[in-house]
Each structure stands twice: as C-alpha cells, then as structure tokens.
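[1] A predicted structure for the sequence below; I have some questions about it.
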Amino acid sequence: MWPNNYGVWVDEFESLGLDDCLDKTWPMTCVHINDNKTKYLDRAYGRVNRKDLKLKLLSDCATNGVKFHKAKVWKVDHDEFVSSISCDDGTELKADLIVDASGFSSKFVEYDKPRNQGYQIAHGILVEVDRHPFDLDKMLLMDWRDSHLGNEPSLRPHNSKFPTFLYAMPFDSNLVFLEETSLVSRPMLSYTEIKKRMVARLRHLGIKVRAVIEDEKCVIPMGGPLPRIPQNVMAIGGNSGIVHPSTGYTVAQTMALAPFLAETIAECLGSTRMIRGAPLYHKAWNGLWPLERRCSREYYNFGMETLLKLDLNGTRRFFDAFFELKPHYWHGFLSSRLSVGELFMMGISLFGHASTTSKLDMVRKCPAPMARMMGNMALEAI
C-alpha cells in the first residue's frame, strides 16, 4: 500500500468517478488564519482510501490486458523508433514508448533548465488520542496560529519567518490524522524542526497520543521548470511537472490527466500509419502539456514564488484574502482548472480583497516573480 495519506476535494474525485475510493469525507473545511479569525469553507474534503484506489486501478489494468513485470530498471536505451529497458533481473523489454511514473526521484526524465524547485515538507501521524479539539464535521485545512509557541523561544522566531501550519483530519473522537506542514520553502525546512513544532502544538492543544498507527515523512518538490519537451521518455505524475506548484496537490490532477495522455498515445500507436519515434514523443508530451496548460503552470509557479517571500503574518494576510475570493476562483486555483485569463482575473480580484498591508507586500515582493512569469509565458508562446 502507498505509505502517505492523501486528501482531495470531493468534487474532484466525483468528477473522475472515483468517489467510491474515499474512506472518509467532511462536508466543510476550515482555515484558522490566526487566534481571532477562522474561515469556514463550503467545500467537501475527503481522504483517499489507498487500498481501494490501488485495487481499482489494478482491476482496470487486468480488465484491459495490462501485463506486469516486477523488477528495478537499471538502464534505458533509445533507437530511432524503439526503446529498450534493462532490468536488474536480467530482463530486457522493448517498447515504442516508455512512460515513467516512478516519481520525483526518476533518473530517466531529463531537464534542460536548472531545477530551482520549492519544497513542501511535512510530518504526519495517524493517532489514537484521549481527546482532541477538532469538529468532526470539518476537515482542518490550515491552522496558521502560533500561540502554541509562546513558551518556545527557540522555535517561535524561525516560525515567524518560515511558517508551518497544522492539517488535521478528525475521524472520530479518538482517531485523528495530524500533519505539521511547511507549505513551501527553499531551501527545504528541517524535518527535525517541523517535528518539534508539532510536539509543541499538540501539547498546547492538550492532545495526548495513546498510540501511533501510522507515521509519515512527506517531501514534495514543487514548481521549477518542466522536463525537456519533447524527449524519448514520457513522464506522468510527480516527475512530469503535474504537482501544483503552489499547493503540492497532485493525486487528482494526475488521475484527471492520465486518460488524455493515454488517448494521445493510443491514437499514435493505433493509427494505420503508426506514428512512432520523434513525432510520437512530440504528440505525447504536447498532449500532456499544451501551450495553455504550460502557461497556466507558469502562473501557479508565480504563486509559489510569491509564497516563498512571505513570512507568517504575510502568509496569514494572503490566505485571508484568498478565501474571500468567489468560490469559482479559489476552487479553480486549488484544483488547477482555471484558464490563463481566469488566473489573471483572479489575481486582480485577490489584490482587491487584500488588506492595505497585504497590497504593499504584493507591490514590494511580486514584481520580480511576475516579470519571470511573463517572460516564461512569452518564451512558451514562441
């Protein structure tokens, strides 16, 4: 079973026909901006049942005649029309196209630009507790409060500069998933630091852990350049640039885009003229990353670069304004489904909803990332 817990917006999995792969849903979510302000969001959230999702995908594979071979790939070689895979068990496999879904650490997907990612890092635990303070009908998306660090002089100043938040899924009165998360940092925030902040937070909330059922370290590279487009190896998932640069969300987006990529590949390899080699690589990569989607991703990268420049108070002000946007905008932004035009309109609306201090933050800190975004969009359009 996959080791990490995955949360998704229920409407995303419903649109994919995967809502039967959610083992728990909450009708609302909430965000604690600070000790005096909480946002209640009318959008349902769910936890992915990892076993059910994996079994469903494997069942679909079996139904469609997919064959599996369990081995580690040592080397990949390419001829003009055929690629070969050398495995650690001595097996050699040949294919018209290799699709790499092995995640961030893949060594077979190439980049032609410096990989200046941000990093989301989190410490998560599924625990049995004596009690907890969370509403059972609400998923806690973000808790930016820092009152738990009042007696932690060694932790509070660093948190003020590089903030973390609590993400919580309450299943019942005694079972809860808790995750202390750095939304995005560069360089990556220390995992030890995050664990210390979680301990302080749980102590402050009066949460006493009876048993740890699951313990996870989550590291997600975010943003940065896309892989070289096109190239001989096709990528999907974490190594393809699909991860949302501003949020780290990837599961629903990957599940949504995979069928489009599969259809493009099937059209090429199933056509009577059998499109192979360079034309196949071009169609596959540009099917996953058409111009509109590449430009939208530049905007999400701009969002990440902006967040990297904000301290705790700046981050609070940002999300205070962000969740005042029309649902169409904040839903669409978090789910990667806004067009480039809609993203720019969202930016204007966000500026309008922002406090005076937040507007000054944007004016001071956004010009350089915005200039890079516009330059990259122009290059993509050439």
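    Alright, I've got the coordinates.

[2] buried sites along stretch 110-118?
    Of all the residues in stretch 110-118, those buried under the rule 16 or more other CB atoms under 10 Å are Gln117, Gly118. For the C-beta atoms, the positions are set from N, CA and C on the backbone; glycine is no exception.

[3] for stretch 91-104, same thing?
    Along stretch 91-104, these residues count as buried under the neighbour rule (16+ other CB under 10 Å): Leu97, Ile98, Val99, Asp100, Ser102.

[4] what's the lowest-pLDDT member of those?
    Minimum pLDDT across the buried residues of stretch 91-104 is recorded for Ser102, with 93.

[5] That one: what's it in contact with?
    Val73, Phe108, Asn239 (CB atoms under 8 Å, 6 or more residues apart in numbering).

[6] Would you map the helices across the stretch 151-300 of the chain?
    156-161, 191-205, 251-270, 278-288, 291-308 (DSSP state H, counting those that start in this stretch).

[7] any idea which of those helices is most buried?
    helix 291-308 (a mean of 20; mean count of other CB atoms under 10 Å).

[8] Pull the residues that contact it.
    Against helix 291-308 from outside (CB under 8 Å, 6+ apart): 118, 183-186, 222-224, 226, 241, 244-246, 289, 315, 318, 333, 336, 338-340, 343-344, 347, 362, 365-366, 369-370, 372-373, 376-377, 380-381.

[9] which parts of the helix or strand hosting Met370 are buried?
    Using DSSP states H and E, Met370 falls within helix 367-381. For helix 367-381, burial by neighbour count (16+ other CB under 10 Å) applies to Pro369, Met370, Met373, Asn376, Met377, Glu380.

[10] And stretch 2-17, by the same measure?
    Buried residues in stretch 2-17 (16+ other CB under 10 Å): Asn5, Tyr6, Gly7, Val8, Trp9, Val10, Asp11, Glu12, Phe13.

[11] And the nearest residue to the third one once chain neighbours are set aside, its phi and psi?
    Beyond its immediate neighbours in the sequence, the residue positioned closest to Gly7 (CB to CB, 6 or more residues apart in numbering) is Arg47, lying 5.7 Å away. Comment: the main-chain dihedrals of Arg47 come out as phi -100, psi 130, following degrees, to the nearest 10.

[12] Who are the contact partners of Arg47?
    Counting by CB under 8 Å, 6+ apart, Arg47 has contacts Asn5, Tyr6, Gly7, Leu22, Asp23, Lys24, Thr25, Met169, Phe177.

[13] quick one: pLDDT of it?
    pLDDT, read off for Arg47, is 98.

[14] Then the one 4 residues further on?
    The predicted local confidence for Lys51 comes out at a pLDDT of 96.

[15] before we move on, back to that, which of the contacts of Ser102 fall within strands?
    Among those, the ones falling in strands (DSSP state E) are Val73.

[16] Mind picking the one among the contacts of Ser102 that's closest to Phe165?
    Asn239 (26.8 Å; CB to CB).

[17] In contact with Ile121, which residues are there?
    Per CB under 8 Å, 6+ apart, neighbours of Ile121: Thr181, Ser182, Ser185, Met188, Leu189, Tyr191, Ile194, Lys217, Cys218, Val219, Ile220.

[18] Now, the residues you listed that are in strands?
    Of these, the ones assigned to strands by DSSP E are Thr181, Ser182, Ser185, Lys217, Cys218, Val219, Ile220.

[19] Now restrict the residues you listed to buried residues only.
    Using 16+ other CB under 10 Å as the burial test, the ones in strands among the contacts of Ile121 include Thr181, Ser182, Ser185, Cys218, Ile220 as buried.

[20] which of the residues you listed lies closest to His78?
    Looking across those and measuring by CB to CB, the closest to His78 is Ile220, at 29.3 Å.

[21] And the pLDDT for Gly314?
    pLDDT, read off for Gly314, is 97.

[22] right, and it touches Leu360 too?
    No. In this structure, Gly314 is not within contact of Leu360 by CB atoms under 8 Å, at 10.0 Å.

[23] which of the two has more neighbours?
    Gly314 (19 against 13; other CB atoms under 10 Å).

[24] can you tell me which residues contact that one?
    Ser358, Asp361.

[25] Check the burial of Leu57 by counting its neighbours.
    15.

[26] which SSE is it in?
    Going by DSSP H and E, Leu57 is part of helix 50-63.

[27] Please export the C-alpha coordinates of that helix as CSV.
    The C-alpha trace of helix 50-63 is given here as CSV (Å, rounded to 0.1, in the frame of the first residue of the first chain):
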residue,chain,number,x,y,z
ARG,A,50,-5.3,4.0,-0.7
LYS,A,51,-6.1,0.3,-0.8
ASP,A,52,-9.4,0.8,-2.7
LEU,A,53,-7.8,3.2,-5.2
LYS,A,54,-4.9,0.9,-5.9
LEU,A,55,-7.2,-2.2,-6.3
LYS,A,56,-9.5,-0.2,-8.6
LEU,A,57,-6.5,0.8,-10.8
LEU,A,58,-5.1,-2.7,-10.8
SER,A,59,-8.5,-4.2,-11.7
ASP,A,60,-8.8,-1.8,-14.6
CYS,A,61,-5.4,-2.8,-15.8
ALA,A,62,-6.3,-6.5,-15.5
THR,A,63,-9.5,-6.0,-17.4
